[in-house]
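J.: Using only what follows, build the 3D model:
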Amino acid sequence: MRFLARYATAVILALVCLPANGFGEDKFFDSSGVSIRYIDQGTGKPIVLVHGFGDSAEIWVARGVLQDLVKDYRVIALDMRGHGKSGKPHDPKAYGREMALDIVRLLDHLGIDRAHIIGYSLGGMMTSQLLTLHPERFLTATLVAGTGLLQWTPVMERNAEQEASERERECVSRTMIYRYSPPGLPKPSEENIKAQSGACFADPNHDRFAMAAVVRSRKDQVITPAQVSAVTVPTLGIVGSLDAMYQPRLQELKRLRPDLKLVIVDGATHSGERGILRRVEFMTIVREFIAANRQTP
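T.: Below is the predicted model of the structure:
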């Protein structure tokens, strides 16, 4: 009994001492003056995971993606600047393409020449831009419900300012909440939006002014159709059939890049309980794609 008691105590202490993410200590590096936090686990070919807007590296742990990939690969997940435990400048000039370049700087910091990369939502936008800026650094790219901006119009400029202003006031954007709502389903209620706003204000790692700055920097993330068409890095696009924003964008990307492998998951949404990252087939699709391109020169 004493042995069991000591064993139970040891287990409890071990769990208490585990980092919050459950995957080793947080690491940080300086990326052009901004502190970037990252997780680095496993061995094998490196895979970089890039989260979505308002998320952090923890989303890959929460959805089980990191735990799955770390069995066979070296997995690096970062908090993009403005997010999680990374630095949070309030100047829009500190974002834009600097967010994408942070990923290249992280690879340099770790001494990694080339890696697979998986970007979700905003992370897909960063990945798309990186494929035009530094394609030589990537073995494959997976765009999960996210792709690059192919134009910037006065309407988009006004929409970005509206969204940024909403985030400064309420910590969330009603405009974006409605835009991401699956077609044919009820829109979030006022009570639901207020609950999201309250949770956002309560999150110690969320800085609404940094998020507004990210939104105002979008113009600096635009890539041209010609740049996209010239990309030769093997690329997978995966999106839900109920993702009203990104399914059309990924289909447009497929037209520009016929070599793109596009998978549309029936009934999946952008996020939430039916979100693409929660689908059981997600990991199978991603793993098969990476394995099929294992010999990429």
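
J.: wait, is Ile76 part of a strand?
T.: Yes - judged by DSSP: H, G, I helix; E, B strand; the rest coil, Ile76 forms part of a strand.

J.: ok, it to Ala57 distance?
T.: Here Ile76 is placed at a distance of 9 Å from Ala57 (Cβ to Cβ, to the nearest Å). Every residue, glycine included, has its C-beta placed from N, CA and C.

J.: got the contact list for stretch 35-44?
T.: Stretch 35-44 is contacted by residues 21, 23-24, 26-30, 57, 66, 69-81, 84-87, 102, 105-106, 110 when judged by Cβ atoms under 8 Å, 6 or more residues apart in numbering.

J.: Give me the neighbour count for the residue nearest to Pro135 when sequence neighbours are not counted.
T.: Nearest residue to Pro135, sequence neighbours excluded (Cβ to Cβ, 6 or more residues apart in numbering): Val233, at 5.1 Å. Other residues near Val233 come to 21 when the count uses other Cβ atoms under 10 Å.

J.: where's Val233 relative to Asn293, distance?
T.: Here Val233 is placed at a distance of 9 Å from Asn293 (Cβ to Cβ).

J.: overlap in contacts of these two?
T.: Listed as contacting both Val233 and Asn293 by Cβ under 8 Å, 6+ apart are 139-140.

J.: Tell me if I'm right that Thr224 and Leu150 touch.
T.: Yes - taking Cβ atoms under 8 Å as the definition, Thr224 is a contact partner of Leu150 at 7.1 Å.

J.: quick one: which of these two has more around it?
T.: More neighbours surround Leu150 than the other of Thr224 and Leu150, with 16 against 12 (other Cβ under 10 Å).

J.: where does the more buried one land on pLDDT?
T.: Per-residue pLDDT puts Leu150 at 94.

J.: If we ignore the residues flanking it in sequence, what's nearest it?
T.: What sits nearest to Leu150 in space, not counting adjacent residues and going by Cβ to Cβ, 6+ apart, is Pro225, at 5.8 Å.

J.: any idea how far Pro258 is from the one you found?
T.: Relative to Pro258, Pro225 is positioned 13 Å away (Cβ to Cβ).

J.: before we move on, the earlier item: hmm, the residue nearest to Leu150 is touching Leu256, no?
T.: Yes - with contact defined as Cβ under 8 Å, Pro225 reaches Leu256; the gap is 5.6 Å.

J.: Who are the contact partners of Arg167?
T.: 173, 208, 211-212, 215 are the contacts of Arg167 under Cβ under 8 Å, 6+ apart.

J.: 6 Å instead?
T.: By Cβ atoms under 6 Å, 6 or more residues apart in numbering, the residues touching Arg167 are 173, 208, 211-212.

J.: That one: which element?
T.: For Arg167, the host element (DSSP states H and E) is helix 154-170.

J.: Tell me the secondary structure of the residue nearest to Pro135, please.
T.: Classification of Val233 using three-state DSSP returns coil.

J.: Distance of it relative to Ser128?
T.: 11 Å.
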